[in-house]
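In: just to be clear, the model below is a prediction. Sequence and coordinates:
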Amino acid sequence: MLNNPNYLRELEAEETKVVRYYEELYLKYQLEKYAEVIEGAETGIHSYPDDPLLPKFKYIRAMALGALGGKEEMKVALDSLIAQHP
């Protein structure tokens, strides 16, 4: 932080980027583009593993899996989410 006077600004810009990415996924979910949501959520999960939005990426992935693959796939994904993020 002392070495980089723009640290806070860069941190805020990164968080804004993650939020916008999630919002785009949510819009795709509303448009029923479930395959794109699954792929995008997996990218978000791997790209932002320490972000507070990680559970939301996993949740929207689970919901899209349910829409495409049925309740059982959704249940497995939700159980995993709950186990990892109580």
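Out: Looks like it arrived, so ask away.

In: helix or strand for A77, which one?
Out: helix 71-84 (DSSP states H and E).

In: packing partners of that helix?
Out: helix 54-69 (3 or more C-beta pairs under 8 Å, 6 or more residues apart in numbering; DSSP states H and E). In this view, the C-beta of every residue, glycine as well, is placed from N, C-alpha and C.

In: list the buried residues in the helix it packs on.
Out: Along helix 54-69, these residues count as buried under the neighbour rule (16 or more other C-beta atoms under 10 Å): 54, 56-67.

In: which strands and helices sit next to the helix ranked longest in the chain?
Out: With DSSP state H setting the assignment, residue counts place helix 7-30 as the longest helix in the chain. In terms of contacts (3+ C-beta pairs under 8 Å, 6+ apart), helix 7-30 is packed against helix 34-47, helix 54-69.

In: on that earlier part again, which two among the buried residues of helix 54-69 are spaced furthest apart?
Out: Pairwise distances across the buried residues of helix 54-69 peak at 20.8 Å for L54 and A67 (criterion: C-beta to C-beta).

In: without its sequence neighbours, what residue ends up closest to the residue most central in space within the chain?
Out: Most central in the chain under C-alpha atoms, centre = their mean is F57, positioned 1.9 Å from the mean C-alpha point. Excluding the flanking residues, the one nearest F57 by C-beta to C-beta, 6 or more residues apart in numbering is G44, at 4.1 Å.

In: isn't that neighbour up against Y21?
Out: Yes. G44 lies in contact with Y21 (C-beta atoms under 8 Å); the separation is 6.0 Å.
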